[in-house]
Every structure is written in structure tokens, then in C-alpha cells.
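In: no FASTA, just this:
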Ligand code: GDP
Ligand code: MG
């Protein structure tokens, strides 16, 4: 695949903005990569279409090809989709006893994951955990869970032969409440394929158990079937998250994207082996890299972007040292601020600045304002940007109108620029930073 990509990208070496053609050509290869990673066809198609709309017109970083740039855009978008809004947090286990229902197809790793999670909650959070097997289909299943419970040092619900899943669920809840447990796991039976009997049973259990979390356990090596599994379980039972098992295997984990795209539910954990501590919280970046399988290209583009930014910063530092600060410099600064999450983002990163960020917001100093100011500067000619003193009143009006804003806003921007330019001049000529700070106080 890398070879094929290489040749495609060689043909695409030029600078500037990404054209529709660049994007389409590169995305064709990305789609192949997705399918090879077992992302479901519909999800791959959908994802690629979204990126297509986003990527066209974006700038290509110096020293990378358009194709490589598209791969980086895909990679970033993939991380965004996989990570969601940061809801993949800890399991909801307040208000003890909290019930966690484990569902999924047979052999997906429900029983193993139940024991792994129980171990994790016990060891990392000091929780008292009870685990119960509701698998009445396979005689050995209940013993399997009891053995694992002993192994990880948590209690399991005593086995009573002849009870239905619903009866066991009721007994587990009672036992959890009476025994003072923090968490009770219900490990349900699976089938090789989804069927009505299975769904009816899980629904009945769910209604009795009132789980705080319903985790769908999915084999990470599952390919196209992942979407059906996700749709069925989420539609019929309602899930709160996904655990992907067998991510220690050779599979590229495309099921992760399918799951996320179809259910919109967060992937909570990944299973990385048969051992009881082979469980980790989900990391979007790692899984994204694996699905796309183009880590080299992503690293290359990131390096190029860093170099480019470092060069730009150095150029600017040199200009500032000479006391130079024109409208282009201001625009770069504003763009940099936007990229770092705007005013709020910048201040939020600094301790104790939360209040100031709020004040700035109420004073109307936000991303919208940054964007407007950038638009204003972009409406100027090259000459005007180099020397804003050239701007006559009529030009000012035209520029403001071009950006869809009032001329007062432009005046404010010019004043702001003048203040900064004056400061730069003082720093440049009058002996640098120390001198400038002295003059400010
Ligand atoms: P269940 O039918 O859904 O309860 O599945 P089990 O928990 O019994 O797991 C079926 C098999 O998969 C067992 O042999 C497990 O050891 C194995 N297994 C579960 N999770 C993982 C994992 O993350 N990696 C690997 N390699 N094997 C796993
Ligand atoms: Mg099982």
C-alpha cells in the first residue's frame, strides 16, 4: 500500500492550496486503506466524503506533497471522530451499588473483560466488586467467571442451577445491595449471531437490572459485521459505551471507527490480550494511526509543519528585533492565537487566568473578533499591509465594507496595531526588552 501511495503522491508534487483533484486522488487511496483495515464500507464512504469537503482549498505545508497533506487531514479528522467530545471518561459508578451490564456476541470477550474491569476497579479505585454470570446457555460459562473472579480477587455470585437470566440478575442486585458492594457486573450470554431470543432476554435483564452502564463488547477483528452488531445492540438494548477486544492481534481495528460512527457512543476500553491486566483505556490517536496505517506520512507532515512554524517564528522574531511590526505581522499573530484556541483557550491554559478570560469574553474579545480582524487585514492591499499609514478615509470605508464591518472596527484595529508597532520600535531601538518594560512602568 505504501508503495502505491508513494507513486500517487509523486505525481502530485506542487505547492499551494489543495485542489479538488488532489483531494479526490489521495482519498481514493485512503478509502482503500480503510477497507483494508476493515472499516465498514458505508462508514468509510461517509467519512471520506466529509473529509473531501473539508480538505479542498486548505494550504499545503512547504516540502510535503498534496497527497501527504490530505493524509494528515484524514488522520486528524479520524482522531477527532474516534475521541468524540471527551465523554469516554470513567465508568459511572457513583450511587452504589452501580450495575454494569455486559453485552455482545458469543466469544467477543465479555466474560474476560468483565473480570478485567472488576480487577481494575478493585485495584485502582478500591471498589468492592461483585460479578455475576447470566450465561445459562453454556454450562461452563458460570464456572469460567467464578474462576476468573478468584483469580482477580473479587467476589462472584454463588451459582444456582436452573435459574433464568432475569432471576439471576435479580439475585445479583439483592446480593449487591445487602453485601455492601460498590459495583455489580452482569455478564450476559451471547449468541454467535444476533437473534430475537437473545435480544428479548437482554431487554428483560436490562429492565430488571437498571444498569448505569451497558457496555457492548466487540471483537476488534470483526470486519463488516461490526456495524450490524452495533446497530442491533444499540437499537434494541441501548448501550452507553463500547469495549474493543483483541486489539493485540494483527487486525487494524477498523471496527473502532464503524462502532463510533454508527452508534455515536464512546469506545471506553481496549482489550490487549488474554491476561487479566491486558486492558487499557481507549486512545484515539493510537487507534487512528493503526486504522489509517500511514504513520510515516503523518509523522513527516507533522515534522514539516513544525519546521515551517519554527521558520516563520524565527523570521518574525528577527523583524521584531529590528523594531518592525506591520499588518502582516499582526495578522500572523492573530492567526496564531486562533490556532491555539483563541483568547479563551490561551488564557485558560495559564493558571489563574480564568477570570480574565471571562472578562475578555464579556468585552467581546473572542474568536469572532479575531476572525474579523484577520478578515479586515486580508482586505487590504499588500502595500497597505506593509504601511497602514497609507490608508485614506475612503479606502478605510471600502475595506470595512469588504469585510462586512463598520469602519470603527477598522480604526480600532489600526490603533491597536499602532500601539504594538510603537512598542516594537522601542524594543528594537532602545536596547530591547528591558528598556521597553522600563518605559511601560
Ligand atoms: P464471551 O463469550 O464474550 O464471554 O468471550 P470470552 O470472554 O469467553 O472470550 C473468548 C476468548 O477470547 C477467550 O479465550 C479469551 O481469553 C479471549 N480474549 C478475550 N479478550 C481478549 C483480548 O483482548 N485479546 C486476546 N488475544 N484474546 C482475548
Ligand atoms: Mg462469556
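Out: Structure's in. What do you need? The structure presented is a predicted model; accordingly, all values stated were derived computationally and were not measured. Numbering: from 1, shown residues only. Ligands and ions are numbered 1, 2, ... in the order given.

In: from here on, contacts and neighbour counts on C-alpha atoms
Out: Fine.

In: so who does residue 191 touch?
Out: Under the criterion of C-alpha atoms under 8 Å, 6 or more residues apart in numbering, the contact list for residue 191 reads 105, 106, 198.

In: ok, those residues vs residue 223, which is closest?
Out: Using C-alpha to C-alpha, residue 105 is the member of those that lies nearest residue 223, at 13.7 Å.

In: I'd assumed the closest one was in a strand, is it?
Out: No: according to DSSP: H, G, I helix; E, B strand; the rest coil, the state of residue 105 is coil, so it is not within a strand.

In: where's the residue nearest to it when sequence neighbours are not counted, which helix or strand?
Out: Residue nearest to residue 105 in three dimensions, not counting chain neighbours: residue 190, with 4.6 Å by C-alpha to C-alpha, 6 or more residues apart in numbering. In this structure, residue 190 is located outside every helix and strand according to DSSP states H and E.

In: what helices and strands are in contact with the helix or strand harbouring residue 29?
Out: Residue 29 is part of helix 20-36, with elements assigned from DSSP H and E. Secondary structure elements in contact with helix 20-36, counted by 3 or more C-alpha pairs under 8 Å, 6 or more residues apart in numbering; DSSP states H and E, are helix 2-10, helix 41-55, helix 66-83, helix 284-292.

In: among those, which is nearest ligand 1?
Out: In terms of C-alpha to the nearest ligand atom, the element of those nearest to ligand 1 is helix 284-292, at 14.3 Å.

In: buried set for the helix holding residue 29?
Out: 22-27, 29-31, 33-36 (16 or more other C-alpha atoms under 10 Å).

In: just name the closest of these to residue 254, please.
Out: Distance ranking of the buried residues of helix 20-36 against residue 254, using C-alpha to C-alpha, places residue 34 first at 6.9 Å.

In: quick one: the closest one and residue 44 touch, right?
Out: Yes: taking C-alpha atoms under 8 Å as the definition, residue 34 is a contact partner of residue 44 at 6.3 Å.

In: hang on, the earlier thing: just checking, which of the contacts of residue 191 comes out lowest on pLDDT?
Out: Of all the contacts of residue 191, residue 198 has the smallest pLDDT value, namely 88.

In: who in this structure is up against ligand 1?
Out: Residues of the chain found near ligand 1, taking C-alpha under 6 Å from any ligand atom as the criterion, are 106-112, 245-248, 271-274.

In: which pair in the residues you listed spans the largest distance?
Out: With distance counted by C-alpha to C-alpha, no two of those lie farther apart than 106 and 248, which are 18.9 Å apart.

In: domain-wise, how is the protein divided?
Out: Structurally, the chain divides into domains by automatic domain parsing as follows: 2-85, 98-281, 322-440.

In: redo the buried residues of helix 20-36 as CSV? Include pLDDT.
Out: Conversion of these to CSV gives the following (pLDDT from 0 to 100):
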residue, pLDDT
22, 84
23, 88
24, 89
25, 88
26, 88
27, 92
29, 89
30, 90
31, 91
33, 90
34, 92
35, 90
36, 89
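
In: relative to residue 382, which of these is nearest.
Out: The closest of the buried residues of helix 20-36, once distances to residue 382 are taken by C-alpha to C-alpha, is residue 22, at 29.0 Å.

In: any idea how far ligand 1 is from the closest one?
Out: If you measure residue 22 against ligand 1 using C-alpha to the nearest ligand atom, to the nearest Å, the figure is 39 Å.

In: now residue 112: which helix or strand?
Out: Taking DSSP H and E as the definition, one finds residue 112 inside helix 110-125.

In: residues touching that helix, excluding its own?
Out: Contacts made with helix 110-125 from outside it, assessed by C-alpha under 8 Å, 6+ apart, are listed as 102-104, 127-131, 144-145, 148-149, 152-154, 185, 187-188, 217, 271, 274, 276-279.

In: please repeat the previous calculation with a cut-off of 7 Å.
Out: Where contact means C-alpha atoms under 7 Å, 6 or more residues apart in numbering, the residues beyond helix 110-125 that reach it are 102-104, 127-129, 145, 148-149, 152, 185, 187, 217, 276-277, 279.
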